[in-house]
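J.: Show me the folded form of this:
(one chain, ligands or ions: 1)
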Amino acid sequence: MPKDWSGSGVDLHLDPDTAGGRRTGLERALRAAIRTGRLAPGDTVPSTRALAAQLRLSRGTVTAAYDQLAAEGYLTTVPGSGTRVAETAQPAPTGPPSPPGTGEPVHDLLPGRPDLSAFPARAWLRSTRRVLAAAPPEAYALGDPRGRPELRAALAGYLGRARGVHADPDRIVITSGYAQSLGLLAEVLAGSGTTAIAMEEPGHPFHREVVRRHCLKIVPLPVDDLGARAGPLGRAGAAVLTPAHQYPTGATLHPDRRRALTARARATGATIIEDDYDGEFRYDRHPVGALQGTAPGHVVYAGTASKTLAPALRLAWLVLPAHLVEPVAEAKRLADAHTQSLGQLVLADLIGTHAYDRHVRASRLRYRRRRDLLAGTLRDRVPHVRVQGIAAGLHALVLLPDGGPGEAAILERAATRGLALMPLRDHWQNPSGRPQGFVIGYSTPLAAAYRPALDALCSVL
Ligand SMILES: Cc1ncc(COP(=O)(O)O)c(C=O)c1O
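T.: As a prediction, the model looks like this:
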């Protein structure tokens with residue numbers, strides 16, 4: 001049963017060692033209390049005022065220590081009920097890891113999600129308050145299937161500024177996730193006579209399924225270190241690309257390939273769908289601008305809040321060439337009328353107040369540190385694997401050497417340590433004879449769980 005220290009009158013006994021500074025000492029003492037289980041997941045910690053008085057520290061020092069522990073995933077702030085120990089902040093394991101097949105993995109390095117403990121809950125709450133205070137009654141009625149005008153206007157500004165997208169609010173359609181965006185586009189393309197779509201090989205297996213559901217044939221678009229090759233686009237009416245950070249290899253589409261692909265789309269009338277799922281996260285230089293900016297009449301830009309904020313929001317957007325706006329909006333209307341409005345209004349406020357930019361900037365710094373730790377740790381401890389695709393995004397591809405244990409053997413070892421890993425083999429239409437490796441999602445573990453997950457990875461590799 002979680003304890004409520006603030007209301008029970010029971011003081012949390014902490015004895016911070018202030019040798020390295022008061023704040024650092026307090027952080028260390030709190031981390032230790034959580035790791036040893038003295039503070040359990042769900043417990044409310046004392047208010048900053050109470051703890052400051054008890055330890056004779058300034059309230060600012062206690063607030064800064066709480067903020068740091070929240071950023072590391074140990075604490076979480078629940079609006080209206082104070083700061084608690086995060087449900088996911090586990091005490092350090094004292095026994096052996098769970099045997100394979102029993103329960104949740106202890107360590108999760110699957111790709112596909114950001115650090116959920118870093119969701120900007122305070123900023124989201126502030127925006128929600130403003131939105132609810134100001135929303136006119138019509139905000140609660142059914143509206144334009146393209147989505148709220150406030151969000152389309154905010155996105156047009158943001159995408160033009162941050163991603164080099166040629167964006168006009170009238171050509172934006174808000175959707176409930178990239179998966180829906182892709183489904184709507186596949187439906188519209190199939191309805192207008194397209195029979196085949198070129199998709200990167202290797203690529204996202206789920207997105208292949210979405211396209212197949214609309215009875216479209218998939219033409220493999222081979223990927224090398226320069227990204228996808230342009231040739232096969234001639235055999236398909238459309239192509240799906242991840243130019244900023246190819247999923248899963250991590251390659252950035254080379255400028256010559258960008259030119260070749262857009263030239264081919266112009267020449268053949270093919271549509272390119274640009275999946276810009278993690279384009280904001282580039283670490284070695286400025287993010288590479290969107291392909292759409294160079295050919296807005298032929299490229300559909302597809303963005304999502306799943307990596308910058310959280311996948312459960314189900315908020316994504318399409319910037320469409322003029323001829324696709326009406327058919328995609330109609331497909332969206334028939335699918336679900338429109339994406340729910342309140343979330344759209346909150347995101348519009350978050351972008352309009354630049355809280356979104358600030359969150360993306362802070363996230364970039366945090367993920368860059370994680371990426372550096374992953375690359376450095378593997379270089380030192382498992383030098384026989386090759387790490388690639390780490391200039392951007394939230395995942396790295398770790399390739400296994402020929403002749404050593406393959407994906408299957410390593411997955412077995414990982415299961416015994418409770419480590420969830422994504423093998424590369426799932427990303428090929430035909431995996432036989434392909435290189436073997438793992439797609440490592442380094443943003444997935446909560447902050448406090450990252451180093452133990454890397455240790456587990458090194459030991460199974
Ligand atoms: C390649 C790729 N595209 C797009 C997405 C975002 O999908 P959604 O917006 O449906 O959450 C993901 C998420 O994992 C992804 O891996």
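J.: who are the neighbours in contact with R358?
T.: Residues in contact with R358 (CB atoms under 8 Å, 6 or more residues apart in numbering) are A123. Glycine gets a C-beta too; all of them are placed from N, C-alpha and C.
J.: Checking it next. Helix, strand or coil?
T.: Under DSSP: H, G, I helix; E, B strand; the rest coil, R358 falls in the helix class.
J.: Got the confidence number for it?
T.: pLDDT, R358: 97.
J.: cool, D11 as well?
T.: 57.
J.: Then the one 4 residues further on?
T.: Reported pLDDT at D15 in the predicted model: 74.
J.: give the contact list for it.
T.: The neighbourhood of D15, defined by CB under 8 Å, 6+ apart, consists of A29.
J.: can you confirm it is in a strand?
T.: No. Assessed with three-state DSSP, D15 is coil; it does not lie in a strand.
J.: near the ligand, which residues of the stretch 201-350 of the chain?
T.: H204, T242, Y247, D275, Y277, T304, S306, P311, A316 (CB under 6 Å from any ligand atom).
J.: So which of these sit within strands?
T.: Under the assignment DSSP state E, those contribute D275, T304, A316 to strands.
J.: neighbours around the second one, how many?
T.: The tally of other residues near T304 (other CB atoms under 10 Å) stands at 23.
J.: what's the answer for the first one, then?
T.: Under the neighbour criterion other CB under 10 Å, D275 is assigned a count of 26.
J.: Quick check: pLDDT value at it.
T.: 98.
J.: all strands of the stretch 201-350 of the chain, in order?
T.: Per DSSP state E, counting those that start in this stretch, the stretch 201-350 of the chain carries strands over the ranges 217-224, 227-228, 238-241, 271-275, 299-304, 316-319.
J.: Same check on the stretch 51-200 of the chain?
T.: Going by DSSP E, counting those that start in this stretch, the stretch 51-200 of the chain shows strands at 75-78, 82-85, 107-108, 172-175, 196-201.
J.: what sits up against the first one?
T.: Counting contacts by CB under 8 Å, 6+ apart, the residues outside strand 75-78 that touch it are 30, 45, 66, 69-70, 83-87, 89, 117, 121-122.
J.: okay, F119: pLDDT?
T.: pLDDT at F119 comes out at 96.
J.: Neighbours of the nearest residue to it once chain neighbours are set aside, how many?
T.: Sequence neighbours aside, A310 is the residue nearest to F119 in space, at 5.2 Å (criterion: CB to CB, 6 or more residues apart in numbering). Applying other CB under 10 Å, we find 19 residues neighbouring A310.
J.: from what I can see A310 touches S117, true?
T.: No. Using CB atoms under 8 Å, A310 is not in contact with S117, being 10.6 Å away.
J.: Domain map for the protein?
T.: 5-92, 122-356, 357-460 (automatic domain parsing).
J.: and R370, which of the three is it?
T.: The three-state assignment at R370 reads helix, by three-state DSSP.
J.: What separation do you get for it and R161?
T.: Separation of R370 from R161 (CB to CB, to the nearest Å): 26 Å.
J.: ok, the two, which is more surrounded?
T.: Neighbour totals were compared for R370 and R161, and R370 leads with 20 against 11 (other CB under 10 Å).
J.: Helices of this structure, residue ranges please.
T.: 5-8, 22-35, 48-55, 59-71, 121-134, 149-163, 178-191, 205-212, 255-268, 322-336, 341-352, 355-381, 407-416, 450-460 (DSSP state H).
J.: now the second one against helix 48-55, angle please.
T.: Translated: helix 22-35. Here helix 22-35 runs at an angle of 100 degrees relative to helix 48-55 (axes from the mean of the first three to the mean of the last three CA atoms, to 10 degrees).
J.: just checking, what packs against helix 22-35?
T.: helix 59-71 (3 or more CB pairs under 8 Å, 6 or more residues apart in numbering; DSSP states H and E).
J.: Quick one: mean pLDDT for the helix it packs on?
T.: Mean per-residue pLDDT for helix 59-71: 84.
J.: Just the buried positions in it, please.
T.: T61, V62, T63, A64, A65, Y66, Q68, L69, A70 (16 or more other CB atoms under 10 Å).
J.: Thought R23 was touching the first one, still the case?
T.: Yes. Contact status for T61 versus R23: in contact at 5.0 Å, counting by CB under 8 Å.
J.: show me the contacts for the residue sitting nearest the centre point of the chain.
T.: Centroid-nearest residue in the chain, with CA atoms, centre = their mean: K307, separated by 2.3 Å. Going by CB under 8 Å, 6+ apart, K307 touches R113, P114, Y277, D278, E280, F281, L394, S443.
J.: Need the pLDDT of P105.
T.: 81.
J.: What is the burial count for it?
T.: 19.
J.: Out of the helices of the chain, which gets the lowest mean score?
T.: Lowest mean pLDDT of the helices of the chain: helix 5-8, a mean of 48.
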